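Asker: Whatever this is, show me its structure:
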Amino acid sequence: MKRRVVITGMGIISPIGNTLEEAWDNAKNGRPGIGPITKYDATDRKAVLAGEIKNLDTEKYLDQSETRKMDNFTVYAMCAAAQAYADSGLEKSEEERDRWGVILSSGIGGIQTIEEEHDRGLEKGFDKVSPYYIPKAISNMAAGNIAIKYGLHGMCTCAVTACASAANGIGDAFRYIRDGYGDVMFAGGSEASVTPLCMGGFSALKALSKSDDPARASIPFDKDRSGFVMAEGAAVLVLEEYEHAVKRGAHIYAEIGGYGVTCDAYHMTALNPEVTQSSRCIKEAIADAGLAPEDVDYVNAHGTSTKMNDECETKAIKKAFGEHAYKLKISSTKSMTGHLLGASAAVEAVLTAKAIEEGFVPPTAGLQVPDEECDLDYTPGKGKEADIRCAISNSFGFGGHNATLLFKKV
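Answerer: Numbers count the residues shown, from 1 in each chain. Predicted coordinates:
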C-alpha cells in the first residue's frame, strides 16, 4: 500500500526574501527581487541583471568556521535547511534517524569555488589550490553537509538534471517515503551561479535577458521576453509520512500527491516543439495522484521568459489538459525570483505549497504585453484569491529532462 507524503517544514533563501514569511509576502504582492549585478563588475557584459541574495546573515545558521569550508551554494542550502528543520518541529524528536534522509539538488554546484581556485592555480601553481577546493565544489556536498548537521542516516544524494534538478530531488524523496523506505526526507535545491564564467556561458547560449530594466527583464509569457534572468538561492522542504506527521501533531502545509518524469531525448538544450514528452510528464503526475486533469486548479509554470520555453510549455499544458487548460490559473514565480537553475523547482514548490495553504495565486509580475502564442490565464501583474485544491509545478531542464510535481490540499 502506498503511503501518503506531506510537507511539514519549509525554508527559503531567495532574491525575494531570506525567510518563508518574507518570500511569500513578496511573491503574493508581485515584488521582484531582480536588480543590477553586484557580485562582480558587469560593465560591458551582455547580462547586467540578476536575482542576487541580499542581506543574508549566515551567522544565524552557521559558524564562520563552517562557512569558510563551503561554497555559497552549500551555505544557502544549510541556511534553508536550518529554517525548514526548525519549522518542522523535528528537533524535538528523539527517534533514531536511520529512516531520515536528504536529497539536495544543484544543477551547477560550486562554480564560484571552481573559478576562484582556477585563478589561484594559474597564479601560484595548481598544487597550491585550497585543500577545501574539492569538497567545496562538488555538487553533492550540500546534501552531505545537511546529513552531517542533522544526523540523517537514510538515503543521502543529489539529483543533477539541470533546471529540473530540485523537482527530481523532491519527487524522488516523495517516492522514497511513499514506498516505505523512509519516514522523513529533507528535499530541495541550491544554486550560487551568479559568477562571471557561469553568466558568460549562458550568455554565449543566448539564453539570458540583455535588458537593463529590472521590471522588463524576467517577463514570462510576455511577447517582449528575450531570455531568463539568472538567480541564486536555495529552498528546502521537510517531507514526512502522513501518519508520522499526524502522530506528533505537526503542521502540514500540503500533500505531495504525484510525480511525473520523462525525457524528450531530442536535443541538448532545446525543448521538443512537439511537446509529446513534456505533456506526458504532466499527465503522469496527475495519474500518479489518482486524479483527473479537471481536478487541477493551479499551475506554477516553469515559465523561464525565453521564447521557446514559454511557447512549448503553453502547448504542453494545452495538450495535457485539453479544454480545461483555459480554466486553469497559471503563473510563473520566476517573474519575481529570476531563474535559480537547479534550485528553481524547490523555490517554486515552497511557493506552490503556500498558494494551496492560503488559497492565493501569486502573479506573473512583469507580464504586460500579450503573446498570441501564449494565450492562457497567466495571472498577469496582480495575484488573486482562489480555492486551490490541487496544483502542479513544472520543471524542464537542458538534456530534455521533464519533471512535474503535484501538490494538493490535505
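Asker: contacts, neighbours, all on C-alpha from now
Answerer: Will do.
Asker: who's in contact with F174?
Answerer: By CA atoms under 8 Å, 6 or more residues apart in numbering, the contact list for F174 reads V5, L239, I256.
Asker: Just give the number of residues close to the second one.
Answerer: In other words, L239. 30 (other CA atoms under 10 Å).
Asker: contacting residues for it?
Answerer: With CA under 8 Å, 6+ apart, L239 has these contacts: V5, V6, I7, T8, G9, A173, F174, V184, M185, F186, A187.
Asker: Within its local environment, how many residues does the fifth one see?
Answerer: Yep, that's G9 we're talking about. By other CA under 10 Å, neighbour count at G9 equals 25.
Asker: State whether A50 is indeed within a strand.
Answerer: Yes. Assessed with DSSP: H, G, I helix; E, B strand; the rest coil, A50 lies in a strand.
Asker: Can you list phi and psi of E115 for me?
Answerer: When read as degrees, to the nearest 10, the backbone of E115 gives phi -60, psi -50.
Asker: can you check K334 too?
Answerer: phi -60, psi -20.
Asker: Same check on G33?
Answerer: phi -110, psi 30.
Asker: how near is it to A27?
Answerer: To A27, G33 is 10 Å away according to CA to CA, to the nearest Å.
Asker: helices and strands around the lengthiest helix in the chain, which ones?
Answerer: Across the chain, the longest stretch assigned as helix under DSSP state H is helix 72-88. The elements that helix 72-88 packs onto, with contact taken as 3 or more CA pairs under 8 Å, 6 or more residues apart in numbering; DSSP states H and E, are strand 5-13, helix 141-150, strand 184-191, strand 233-241.
Asker: Figure out which of the ones you listed is closest to H302.
Answerer: H302 sits nearest to strand 184-191 of all the helices and strands packed on helix 72-88, at 15.2 Å, using CA to CA.
Asker: Cross-check the contact I'm expecting between K409 and E357.
Answerer: Yes. Counting by CA atoms under 8 Å, K409 touches E357, with 7.1 Å between them.
Asker: Could you tell me which residues touch both of those two?
Answerer: Contacts common to K409 and E357, judged by CA under 8 Å, 6+ apart, are Y253, A254.
Asker: hey, where'd the strands end up in the protein?
Answerer: 5-13, 35-36, 49-50, 100-105, 156-157, 184-191, 233-241, 254-263, 298-300, 329-331, 360-361, 384-385, 390-397, 401-408 (DSSP state E).
Asker: Out of those, which is closest to S278?
Answerer: Closest among the strands of the chain, once you apply CA to CA, is strand 401-408, at 5.9 Å.
Asker: got a list of contacts for that closest one?
Answerer: 161-162, 164, 167-168, 171, 254-264, 277-278, 281-282, 285-286, 289, 352-353, 356, 388-396.
Asker: do stretch 378-388 as well
Answerer: With CA under 8 Å, 6+ apart, stretch 378-388 has contacts from 28-30, 221, 297-298, 329-332, 355-356, 359-368, 408-409.
Asker: who are the neighbours in contact with E91?
Answerer: E91 is in contact with Y85, counting by CA under 8 Å, 6+ apart.
Asker: Could you report the separation of it from C156?
Answerer: 19 Å.
Asker: ditto for A82
Answerer: On the measure of CA to CA, A82 and C156 end up 17 Å apart.
Asker: and the helix or strand bottoming out on mean pLDDT in the chain, which residues are buried?
Answerer: Here the helix or strand of the chain ranked lowest by mean pLDDT, DSSP states H and E is helix 64-67, holding a mean of 94. In terms of neighbour count (16 or more other CA atoms under 10 Å), helix 64-67 has its buried residues at T67.
Asker: and what of stretch 316-332?
Answerer: Neighbour-count burial for stretch 316-332, counted by 16+ other CA under 10 Å, picks out A316, I317, K318, K319, A320, F321, A325, L328, K329, I330, S331, S332.
Asker: what's the pLDDT at the fourth one?
Answerer: The confidence metric pLDDT takes the value 98 at K319.
Asker: dump the residue contacts of it.
Answerer: Contacts of K319 by CA under 8 Å, 6+ apart are S279.
Asker: Any buried residues in stretch 282-294, and which?
Answerer: I282, K283, E284, A285, I286, A287, D288, A289, P293.
Asker: what does that stretch contact?
Answerer: Residues contacting stretch 282-294 (CA under 8 Å, 6+ apart): 257-261, 317, 320-321, 324, 394, 403-406.
Asker: one more time with 10 Å
Answerer: Outside stretch 282-294, the residues that touch it by CA atoms under 10 Å, 6 or more residues apart in numbering are 171, 256-262, 277-278, 280-281, 295-296, 316-317, 319-325, 327-328, 390-394, 402-408.
Asker: and that stretch, what's its mean pLDDT?
Answerer: The average pLDDT within stretch 282-294 is 98.
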